[in-house]
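In: Let's see this in three dimensions:
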Amino acid sequence: MPLPVIRSRRLFRKDRQHTEGNPCWFSVQALESLLFKVGNERLVRVLGKQKAWILLENPQTHHEGVCLLVSVLLRSGLVTPEIIQSLLPWVNSPMENFRVTSTAFLAQLMSDPMLREKKLLKIVLRILEERSQDRNSIVRQMAVRGLGNIVDGAPVKVKKHKKFLLDILIKALHDTLSSEVIGESMKALAKVLKELKEKDISSSFKELTQQIQTFFGDVCEQNSQIQFNRS
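Out: Reported below is the predicted structural model:
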C-alpha cells in the first residue's frame with residue numbers, strides 16, 4: 001500500500017482526506033473489502049477496533065499501521081512465505097513509500113518464529129542491516145525495530161548474532177537526524193541486552209554507555225533551554 005505523494009497541503013485538508021489526493025485510502029479500502037469478501041469479517045472488525053485502518057491511511061502513522069496489520073495477520077495465520085517473497089523487491093525500491101511499507105512489514109515479522117522456521121531469518125536480517133542506513137528516517141526506525149524484535153521471534157539466535165546486532169544498534173544511537181531512530185535503538189538494545197551475558201557485551205560496553213550518556217545529556221540540555229526560554 002504505497003503512501004500518497006504529497007504535492008499540496010490542500011490534498012490533506014480534513015474535508016478532502018478521502019479523495020483522489022490520498023491513494024493510500026483506496027488501497028486500504030481495497031484490502032478491507034478483500035478480507036471481508038473472503039470471509040474474514042472478524043479480522044476486519046478486529047483491525048477496525050484497533051484503529052489499524054486509520055493508522056494505515058495516514059502518511060504519518062502508516063508504518064505503525066503496517067506493524068499492527070502484520071501482527072493481526074500473523075495471529076490469524078494469513079502471512080505466507082509467498083507473501084514475504086513478493087515484498088522483498090520493495091525494500092530496494094527507489095520509491096521511499098514502498099521501502100517504508102515493506103520494511104515495517106518485515107520489522108513486525110521478526111517478532112514471529114516463522115522467519116526462522118522458513119529459513120528466511122538471515123535474509124531479513126541482512127535487509128534490515130541495509131535499511132538501517134536508508135536515507136528515510138522512518139525506514140531506519142523500522143529496520144532498528146525489526147532487529148530488536150529478533151528477541152521475540154528467535155531468541156536463541158540473539159547470542160549467535162550479538163556482534164551484528166550490537167554494531168548496528170549502537171550505530172543507530174549516532175543518528176543525529178532522527179530522535180525516533182535513537183529512541184527505537186534504545187528500546188531494541190534493552191531487549192537484546194537482556195538475552196546476553198556480561199562477557200557478550202564487554203567489547204561494546206564503553207561505546208554503548210558513552211552514546212547513551214551523550215543522548216540523555218543532550219535531552220537534558222534541550223529541556224533546560226526550553227525552560228529558560230519560557231521563563
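
In: C-alpha only now, for contacts and for neighbours.
Out: Will do.

In: Now do the residue nearest to the spatial centre of the chain against Lys49, distance only.
Out: Compute the mean C-alpha point of the chain, and by CA atoms, centre = their mean the closest residue is Met142, 2.5 Å away. Distance, Met142 to Lys49, by CA to CA, to the nearest Å: 24 Å.

In: ditto for Cys67
Out: Taking CA to CA, one finds Cys67 at 15 Å from Lys49.

In: ditto for Val70
Out: On the measure of CA to CA, Val70 and Lys49 end up 15 Å apart.

In: Which one of the two is surrounded by more residues?
Out: Just comparing Val70 and Lys49: by other CA atoms under 10 Å the higher neighbour count belongs to Val70, 20 against 10.

In: Am I right that the more buried one is in contact with Gln108?
Out: Yes. With contacts counted by CA atoms under 8 Å, Val70 reaches Gln108, the gap being 6.4 Å.

In: Next SSE downstream of the helix or strand hosting Leu74?
Out: Using DSSP states H and E, Leu74 sits in helix 62-75. Counting by DSSP H and E, the element after helix 62-75 in chain order, helix or strand, is helix 81-87.

In: Need the mean per-residue confidence for that following helix.
Out: Helix 81-87 carries an average pLDDT of 92.

In: Might you calculate how far the helix or strand just after that helix sits from the centre of the chain?
Out: Using DSSP H and E, the next helix or strand after helix 81-87 towards the C-terminus is helix 96-109. A distance of 7 Å separates the centroid of the chain from that of helix 96-109, by CA atoms, centre = their mean, to the nearest Å.

In: Between helix 62-75 and helix 96-109, find me the angle.
Out: Orientation check (axes from the mean of the first three to the mean of the last three CA atoms, to 10 degrees): helix 96-109 against helix 62-75 gives 40 degrees.

In: Can I get the next helix or strand after helix 96-109 in PDB? Just the C-alpha atoms.
Out: Per DSSP H and E, the first helix or strand lying C-terminal to helix 96-109 is helix 114-117. Taking C-alpha atoms only, helix 114-117 is exported to PDB below (Å, rounded to 0.1, in the frame of the first residue of the first chain):
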ATOM      1  CA  MET A 114       8.000 -18.300  11.100                       C
ATOM      2  CA  LEU A 115      11.100 -16.500   9.700                       C
ATOM      3  CA  ARG A 116      13.400 -18.900  11.400                       C
ATOM      4  CA  GLU A 117      11.200 -21.900  10.600                       C
END
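
In: so what does helix 114-117 touch, helix or strand wise?
Out: Here helix 114-117 touches helix 150-153, going by 3 or more CA pairs under 8 Å, 6 or more residues apart in numbering; DSSP states H and E.
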